[in-house]
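>>> fold the following.
(chains A, B and C)
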Amino acid sequence: MSGAARDLTGELLARLRAERPRVHCITNAAAVAYTANVLLAAGCIPSMTVNPPEVPGFIHGASALLVNLGTLDPLRAEAIDVAIRIARTDGKPWALDPVFVERSPTRLGLARDLARRHPAVIRANRAELAALSGSDGGDAAARLLARESGAVVVRTGEVDFATDGTREVEVAGGHPLMALVTASGCAATALMAGFLAVETDRFLAAAACLAFVKAAAERAGATARGPGSFVPAYLDALYALDPQDFGDRIASP
Amino acid sequence: MSGAARDLTGELLARLRAERPRVHCITNAAAVAYTANVLLAAGCIPSMTVNPPEVPGFIHGASALLVNLGTLDPLRAEAIDVAIRIARTDGKPWALDPVFVERSPTRLGLARDLARRHPAVIRANRAELAALSGSDGGDAAARLLARESGAVVVRTGEVDFATDGTREVEVAGGHPLMALVTASGCAATALMAGFLAVETDRFLAAAACLAFVKAAAERAGATARGPGSFVPAYLDALYALDPQDFGDRIASP
Amino acid sequence: MSGAARDLTGELLARLRAERPRVHCITNAAAVAYTANVLLAAGCIPSMTVNPPEVPGFIHGASALLVNLGTLDPLRAEAIDVAIRIARTDGKPWALDPVFVERSPTRLGLARDLARRHPAVIRANRAELAALSGSDGGDAAARLLARESGAVVVRTGEVDFATDGTREVEVAGGHPLMALVTASGCAATALMAGFLAVETDRFLAAAACLAFVKAAAERAGATARGPGSFVPAYLDALYALDPQDFGDRIASP
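Numbers count the residues shown, from 1 in each chain, chains lettered A, B, ... in the order given. Below is the predicted model:
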């Protein structure tokens, strides 16, 4: 699907920049500023409050929701519960990022509960996917979790993999420096929520977002001298990339 | 007032760098690090705790206070109450940033209460000012709010506007990339608190700060390739700008 | 000990990059993202949760712990208590950063309690060390605190000083722009926890870390145009510095 995918990524990116969707993010303390900057650079409008009484107003005004489980405290846990409830009532898509669930049984239990509350996308690395699905985190586990949860399951790594249980894609490229910047994956999941706001086929939204992120990381990596200079270069690339810039990075596995 | 204003901005900036005022900030999670870095680059000494029992000690040791309503949680709400009380008792100026009040009725209610507690400056964008004042957020609304609250009301945007209900200025310039960096406005309000610490005429302090921010944004925008490279360039400009660098950007509207 | 120290720094840095120790950080809101990025750039794997029920799992999976007292709230205070208890039971080293204790009696009281709970390292600037030790924060006070607490006491500044009560070193170099970047010291203490994870002689671990940080700051300062461009350059230097790059910066005082 490479030719079609290239067109798709460009088309959805153009739509994102035209519609400027509002994405409400409940995310961890290490990710909050960077996530907002990634969303702004790409063309979205972020909001970040985790205060439960304020969450309904922000969800009503947003088009999509990110739920990230990092630095989870009682306030965030309550905010997440409220946010998902309102998003579901409002019919707005939400993306789940079960960061570091392999490190804490408490967090893993919550992540499993949330996976049953109809996320549009679950984005994890292999270790997180393995913990979440009680498996090796491989392709078969991703497919099974997708069928059980109804979500598009995205496993990111050197080569990204996305599946809705039936369709699937691999997305190669990117740059190894991205893994040395904290919250890179967290911010990418937030961006995926942005793509969900402009494309109802959640599988296509996820695939396009992965291709966009990989292309931006490649461009940043071409000039970066380390993880420090990678950050501004990556944000600049998210801002400057053109629909024509994507290449054939999406392929059926 | 352009010639005088240029001199004023340079004079207050020189004073800021000489006095290095301590600014205590109660601000949102997305803004906390960037705000501290903006203050440090410009010549102030920031502190950022939101823990209520610690707040009195920090306010006693500071010269001005920032109160920003983003990512407002119960702890921050309590910290804000304590901080304003101590600042008022100590006779120290405080600046109010009612971020995103148009998105949450809870937050708007708090912002209106705080606007009655004698802030020296209220800094908002048009949507926030409109919500806060129950109006269109135009110049007349800013003037009225200034008279009612006793604060200098600053509305930032492509052209900034500041009024104390009698005097008023417009400040043009800046750069559109600044709007694509999260917490740019939040950090500018903190910097305004820094200027309030070195100049008792709050209207002049606000005007000088706006001119300084616009000049730094212009300088950063001249070399930035996107919002990523804008950030280090802006901090460098806040650090490096000379009293002679301001030009005639302040004008009576 | 300059020749030996240079070899030591290079050796421990090589070990750090090979072992990639996990460092769990309980740190302040202004420092969390930057600290994670400093650790990643240098070769460590950070985790940052402050949620008490999650802390045990993260400490079990980590090799060292950072406890930083900035933006201390009740949740962090509880997390710190849990984290130190587990780290001690697991036999893992922890580093204490008593940031801004001179500004708040509440915080100072807690810092003194924590100093008795067997930190491997206490890292402070002169004002913080003075408050913590009830002295002028000079070398004699550092030595005395080291003997009383059993920790290596590190006082950072233009010239860093480290002592375990018997041995001591000074480390010169670095760059003044580092003091204009928020959380520079906080992140350096986290990095020291990383060095503690790969070297059981805590004095040597602390000295090597100081030399590494000073060398990276020098390299960054050589190209930075202000505190904004210093940040990416510093992270790039932490990432790129070679064991051969250290020079004779460690000397007996």
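>>> low-confidence stretches in chain A?
In the prediction, chain A carries residues with pLDDT under 70 at positions A:1-6, A:247-253.
>>> how close does the residue most central in space within it sit to residue B:205?
With distances taken as CA atoms, centre = their mean, residue A:189 lies nearest the centre of chain A, 1.4 Å away. Distance of residue A:189 to residue B:205, given as CB to CB, to the nearest Å: 42 Å. The way it works is simple: take the backbone N, C-alpha and C, and place the C-beta from them, glycine included.
>>> swap in residue A:208?
In terms of CB to CB, residue A:208 sits 48 Å off from residue B:205.
>>> residue A:101 too?
49 Å.
>>> looking at these two, which is more packed in?
Neighbour count, other CB atoms under 10 Å in any protein chain shown: between residue A:101 and residue B:205, residue B:205 has more, with 28 against 23.
>>> and the more buried one, what does it touch?
B:12, B:120-121, B:192, B:195-196, B:198-199 (CB atoms under 8 Å, 6 or more residues apart in numbering or on different chains).
>>> quick one, phi psi at the residue lying closest to residue A:27 once chain neighbours are set aside?
Counting by CB to CB, 6 or more residues apart in numbering or on different chains, residue A:68 is the residue found nearest to residue A:27 once chain neighbours are left out, at 3.9 Å. In terms of degrees, to the nearest 10, the main-chain angles of residue A:68 are phi -120, psi 140.
>>> also residue A:231?
phi -60, psi -60.
>>> quick one: contacts of the helix or strand harbouring residue A:111?
Element membership of residue A:111, judged by DSSP states H and E, is helix A:105-115. With contact meaning CB under 8 Å, 6+ apart, helix A:105-115 is reached by A:67, A:69, A:72, A:77, A:80, A:84, A:96, A:98, A:100-102, A:122, A:131-132, A:145, A:149, A:151, C:53-54, C:57.
>>> over to stretch A:72-81?
A:26, A:28, A:49-52, A:55, A:67, A:107, A:110, A:114, B:73-74, C:49-51, C:54, C:75.
>>> narrow those residues to those in helices?
Using DSSP state H to define helices, the subset of these located there is A:55, A:107, A:110, A:114, B:74, C:75.
>>> the first one is in contact with residue A:48, isn't it?
No: the criterion here is CB atoms under 8 Å, and residue A:55 misses it with residue A:48 at 10.9 Å.
>>> list the residues that contact both of those two?
Between them, residue A:55 and residue A:48 share the contacting residues A:24, A:26, judged by CB under 8 Å, 6+ apart.
>>> any idea how far residue A:117 is from residue A:202?
Counting by CB to CB - residue A:202 and residue A:117 are separated by 15 Å.
>>> the two - which one has more neighbours?
Taking other CB under 10 Å, residue A:202 and residue A:117 do not tie; residue A:202 has more neighbours (21 against 17).
>>> state whether that one and residue A:154 are indeed in contact, as I suppose.
No: under the criterion of CB under 8 Å, residue A:202 makes no contact with residue A:154, lying 10.2 Å away.
>>> mutual contacts of these two, please.
Jointly contacting residue A:202 and residue A:154 under the rule CB under 8 Å, 6+ apart are residue A:121.
>>> I'd like to know which elements the helix or strand hosting residue A:229 is packed against.
Per DSSP H and E: residue A:229 is located in helix A:227-240. Packing partners of helix A:227-240 (3 or more CB pairs under 8 Å, 6 or more residues apart in numbering or on different chains; DSSP states H and E): helix A:32-42, helix A:202-223, helix B:227-240, helix C:32-42, helix C:227-240.
>>> report how many residues lie close to the residue nearest to residue A:104 when sequence neighbours are not counted.
Among residues not flanking residue A:104 along the chain, residue C:57 sits closest, at 3.8 Å (CB to CB, 6+ apart). Counted with other CB under 10 Å, the neighbours of residue C:57 add up to 21.
>>> buried ones in whichever strand or helix holds residue C:57?
Following DSSP H and E, one finds residue C:57 within helix C:55-60. Within helix C:55-60, the residues scored as buried using 16 or more other CB atoms under 10 Å in any protein chain shown are C:55-59.
>>> and of these, the nearest to chain B?
The closest of the buried residues of helix C:55-60 to chain B turns out to be residue C:55 (CB to the nearest CB; 18.4 Å).
>>> contacting residues for the closest one?
When contacts are counted by CB under 8 Å, 6+ apart, residue C:55 touches C:24, C:26, C:49, C:79, C:82-83, C:86.
>>> sorry, back to before: can I get the contacts of residue B:205 in CSV with neighbour count?
Output for the contacts of residue B:205, formatted as CSV (neighbours: other CB atoms under 10 Å in any protein chain shown):
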residue, neighbour count
B:12, 23
B:120, 23
B:121, 29
B:192, 31
B:195, 30
B:196, 28
B:198, 23
B:199, 20
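>>> out of those residues, which one sits closest to chain A?
residue B:192 (20.4 Å).
>>> hang on, the closest one is in a helix, isn't it?
Yes: under DSSP: H, G, I helix; E, B strand; the rest coil, residue B:192 sits within a helix.
>>> around chain B, which positions in the stretch 101-250 of chain A sit nearby?
A:231-240 (CB under 8 Å from any CB of the partner chain).
>>> report the closest residue of the stretch 1-150 of chain A relative to chain C.
Proximity of the stretch 1-150 of chain A to chain C (CB to the nearest CB) peaks at residue A:104, 3.8 Å away.
>>> OK, contacts around that residue?
Residue A:104 sits in contact with C:49, C:53-54, C:57-58, where contact means CB under 8 Å, 6+ apart.
>>> what's the spacing between it and residue C:175?
From residue A:104 to residue C:175 the distance is 38 Å (CB to CB).
>>> can you give me how far stretch A:125-139 is from the chain middle?
Averaging C-alpha positions (CA atoms, centre = their mean, to the nearest Å) puts stretch A:125-139 17 Å from its chain's average.
>>> may I see the buried residues of that stretch?
Of the residues in stretch A:125-139, A:125-126, A:128-133, A:137 count as buried by neighbour count, 16+ other CB under 10 Å.
>>> likewise for stretch A:215-234?
Result for stretch A:215-234 [16+ other CB under 10 Å]: buried residues A:215-221, A:224-234.
>>> would you mind writing the CA trace of stretch A:120-127 as CSV?
Taking Å, rounded to 0.1, in the frame of the first residue of the first chain, the C-alpha atoms of stretch A:120-127 are listed here in CSV:
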residue,chain,number,x,y,z
ALA,A,120,-9.4,3.9,19.4
VAL,A,121,-5.6,3.2,19.5
ILE,A,122,-3.2,1.5,21.9
ARG,A,123,0.4,2.5,21.3
ALA,A,124,3.2,0.7,23.2
ASN,A,125,6.7,-0.6,22.7
ARG,A,126,7.4,-4.3,22.8
ALA,A,127,8.0,-4.6,26.5
